[in-house]
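[1] Sequence below, structure please.
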Amino acid sequence: MSSDTTTDYAPAGHEEPVPGGRRARRETERADGPGGGRLTAALVFLVPTAAAMAVILRGIGVRQLWRDEHATWWAATLSFQDLSHLIRTIDVVFTPYYVLMHAWIAVAGDSPTAMRLPEAVAMACSAGLLALLGRRMFTTQTGVLAGLAFAVVPTVTRYGQEIRPYAFAVAAVLLSTLLLARALDQPSFKVWVGYTLSVPLIGWSHLASMAVLGAHLTMILIARRSGDRIAGWAYAAAGTLGLCFVFPAAVQGSGQSGQIAWNNPVLKDLLEFPKNLFGSWAVAVPVLALGLVGLFFAGKRALPLAVWVVLPPLATYVTASKLHLFLPRYLFFTLPAWVLLAAVAVTRLAGPVAGAKAGTGAAVRRGFGWVLAAGAVAGLLWQALPGIRETRQNAQGEPDFRGAARIIRAEQRKGDGIAFSGVMAERRAMAYELRDDPGRPRDVLMYQTPQELGSFGAAECPRPAPCLAKAKRLWLVSTTFDGQPLSGMPKQTAAAVERGFRVVRTRKLTSLQLVLLEPVKKAADDTAGKDDASRRKVHA
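    Residues are numbered from 1 along each chain as shown. Model (predicted):
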């Protein structure tokens, strides 16, 4: 398989006299790359990258972190000893990402903007890589249109502004696919080594993204049917060596799947998958419709791209009861293939996108193609604007921990304690929001720290009354759904709070109640025994 379908056929008036002429023809036609030289390739990469970066960077630090981002911050700011303890019990598959973020935070800090910059860069580069892939598989117009269209999809902004590895997964998938396409078109030891090294990058960013290897295998099988006898052996060697770097983490991670056992999708989740993948139905419907049309004009590229968009969602949905991997953010790496197919459909109106005459024709027709591409991007951007604005807002249902921290900082006193009620990772979120406050309330109920447990959560006092006794006042951060601030606590702890404290005032914020309590009577001196957690050092 060639990197551009113009090489799948001999030029007009020319017949290949011997089998060896195929490589010679490739070298002659592709010496400067598909459709131009290195300058053209650089522009094809940089224009969509710059467009995506401009969209993603706007308001990148405004939205509050949500619980998954708090988890990244927590893991990435642990010492390497504590991080190694954590990954032995949970999230081993994210180890490379946590190590990368650990190094980045040490240099750039842990503000929302600083921590989101690596993801923004990775996602912006994904737009450029998609443009290069579209150029290599089809035409320059197709590639540029795909890259620019990708840049304005709402979820590109969302995951480009999220401190999780999904942007890196998309970039790794696109880089690997681009290297494979080049290896099949211009085989060389160096390119195959590059592809081999790209395979573990996919697995290290997110294991679910390894499903793209099914599309890669399809590309190999098509190349073998076209007479490429080397591709199969090279792919087998590259895939085997690449998987060797991922397999140990995958095996260990399979024993940690309990952390996502809550994800049991139903038919409704499958029906709403396109909306959640693209960020809105207004974007999903036209891209999917054009993508289906694009399959008819994609030539030999149609089958690999179809496998790319269909196999991962289907496989993860069927195995959801065991693997729990059917989530739009886990499958975000399939979106570029849909966008590329949609770009094929649009540019086909201006001329062939596959075959010997792909991208050729009169200047008027080529000009019309660029005008059509610009109009398509403008139309998609108009459809995407409401979704993009929504992605810059706080995640739906996420509590306003930033607002709670603002109130605590303004009204806290020496000797205050803090406690938590609910299931929204309140302790970790408030640890982040109060990380730079040396006078922050002490976590009076924490009996064992997350570092000691090798977990994201702490263990609370088995005897809560002594632990609560030395708090001069108590700030209760509650995210319970029933509106009862204490209902998210263990019964024994809630009873101890009710007996020992009275409510001073309650502040209601988005999906959160902040309750200030004072002791009803002074605690006895002998309650400050060994269970007192107020003196324990809290990681922040």
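[2] which residues does the nearest residue to A465 once chain neighbours are set aside contact?
    Closest residue to A465 apart from its sequence neighbours, by CB to CB, 6 or more residues apart in numbering: A496 at 4.5 Å. Quick note: C-beta positions are derived from backbone N, CA and C, even for glycine. Neighbouring residues of A496 by CB atoms under 8 Å, 6 or more residues apart in numbering: 464-465, 468.
[3] repeat for L516
    411, 473-476, 503-507 are the contacts of L516 under CB under 8 Å, 6+ apart.
[4] Would you mind measuring from it to A419?
    Distance of L516 to A419, given as CB to CB, to the nearest Å: 11 Å.
[5] Return every residue with contacts to both of the two.
    474-476.
[6] what's the burial count for N264?
    Here the number of neighbours of N264 (other CB atoms under 10 Å) works out to 11.
[7] Assess the claim that it and A320 are in contact.
    Yes. N264 is within contact range of A320, at 6.4 Å (criterion: CB atoms under 8 Å).
[8] For A395, which residues are in contact?
    With CB under 8 Å, 6+ apart, A395 has these contacts: 63-64, 66.
[9] how near is it to G359?
    A395 is 42 Å from G359, by CB to CB.
[10] I'd like the next helix or strand past the top helix by length along the chain.
    Secondary structure of the chain per DSSP state H: the longest helix is helix 363-391. On the C-terminal side of helix 363-391, the closest following helix or strand by DSSP states H and E is helix 401-411.
[11] coming back round to it: which one (most neighbours) among the contacts of A496?
    Neighbour counts for the contacts of A496 peak at L468, which has 27 neighbours (criterion: other CB under 10 Å).
[12] can I assume it is in contact with M446?
    No. Counting by CB under 8 Å, L468 stays clear of M446, with 11.8 Å between them.
[13] Does M430 touch S478 like I think?
    No. The pair M430 / S478 is not scored as a contact, 11.6 Å apart, by CB under 8 Å.
[14] Overlap in contacts, the two.
    In contact with both M430 and S478: F420, using CB under 8 Å, 6+ apart.
[15] Quick check: which ranges of the stretch 351-500 of the chain have low pLDDT?
    Filtered on pLDDT under 70, the stretch 351-500 of the chain yields the residue ranges 361.
[16] next one: the chain
    Using pLDDT under 70, the chain drops low at 1-36, 249-263, 361, 522-540.
[17] quick one, what contacts the residue nearest the centre of it?
    Closest to where the C-alpha atoms of the chain average out (CA atoms, centre = their mean) is Y166, at 1.6 Å. Residues near Y166 by CB under 8 Å, 6+ apart: 119, 159, 205-206, 329-330, 332-333.
[18] same check, this time on R348
    Here R348 is in contact with 294, 297 (CB under 8 Å, 6+ apart).
[19] about what we covered before: from the contacts of L516, which land in strands?
    473-476, 503-507 (DSSP state E).
[20] So how do I select the buried members of those residues in ChimeraX?
    Entered in ChimeraX, the line below selects the buried ones among the ones in strands among the contacts of L516, by 16 or more other CB atoms under 10 Å:
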select :473,474,475,476
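[21] Reformat the ones in strands among the contacts of L516 as CSV; add distance to L241.
    CSV is the format used below for the ones in strands among the contacts of L516 (distance: CB to CB, whole Å):
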residue, distance to L241
R473, 60
L474, 57
W475, 54
L476, 54
V503, 63
V504, 64
R505, 63
T506, 60
R507, 57
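[22] how much space between the closest residue in space to G291 that isn't next to it in sequence and M123?
    With CB to CB, 6+ apart as the criterion, G291 has its nearest non-adjacent residue at 3.8 Å, and that residue is L341. To M123, L341 is 20 Å away according to CB to CB.
[23] N264 now?
    Taking CB to CB, one finds N264 at 29 Å from M123.
[24] P265 too?
    Distance from P265 to M123, by CB to CB: 25 Å.
[25] Compare the two and say which is more crowded by neighbours.
    Each of P265 and M123 has its neighbours counted (other CB under 10 Å); M123 has more, 30 against 17.
[26] ok, that one touching A172?
    No. With contact defined as CB under 8 Å, M123 does not count as touching A172 (11.9 Å).
[27] where exactly do the strands run in the stretch 151-300 of the chain?
    With DSSP state E, counting those that start in this stretch as the criterion, the stretch 151-300 of the chain has no strands.
[28] Buried residues in stretch 44-53, which are they?
    Buried residues in stretch 44-53, counted by 16+ other CB under 10 Å: 44-45, 47-49, 51-53.
[29] which residues sit against it?
    Here stretch 44-53 has contacts from 120-121, 123-132, 135, 140, 143-144, 147-148, 150-152, 156, 160, using CB under 8 Å, 6+ apart.
[30] Please narrow these to those residing in helices.
    Using DSSP H, the subset of these located in helices is 120-121, 123-132, 135, 140, 143-144, 147-148, 150-151, 156, 160.
[31] Write a ChimeraX command that selects only the buried members of these.
    A single ChimeraX command suffices to select whichever of the ones in helices among the contacts of stretch 44-53 are buried according to 16+ other CB under 10 Å:
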select :120,121,123,124,125,126,127,128,129,130,131,132,135,140,143,144,147,148,150,151,156,160
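[32] ranges for the helices of the stretch 101-250 of the chain?
    Ranges of helices in the stretch 101-250 of the chain, per DSSP state H, counting those that start in this stretch, are 112-137, 140-151, 154-160, 166-185, 189-205, 213-225, 231-244, 247-254.
[33] re earlier: out of the buried residues of stretch 44-53, flag the one nearest to N276.
    Distance to N276 across the buried residues of stretch 44-53 (CB to CB) is lowest for A52, with 20.2 Å.
[34] What helix or strand is the closest one located in?
    Judged by DSSP H and E, A52 forms part of helix 38-57.
[35] That helix relative to helix 140-151, how many degrees between them?
    Here helix 38-57 runs at an angle of 20 degrees relative to helix 140-151 (axes from the mean of the first three to the mean of the last three CA atoms, to 10 degrees).
[36] So the residue nearest to G291 sits against L290, correct?
    Yes. Judged on CB under 8 Å, L341 makes contact with L290 at a distance of 7.2 Å.
[37] who has more neighbours, the two?
    L341 (29 against 21).
[38] Next, the contact list for that one, please.
    Listed by CB under 8 Å, 6+ apart, the contact set of L341 reads 290-292, 294-295, 298, 305, 309.
[39] What separation do you get for Q448 and A496?
    Distance from Q448 to A496, by CB to CB: 18 Å.
[40] Same check on S209?
    47 Å.
[41] Touching, T77 and Y98? I think so.
    No. Judged on CB under 8 Å, T77 makes no contact with Y98 at a distance of 9.7 Å.
[42] Right, I'll call it a day here.
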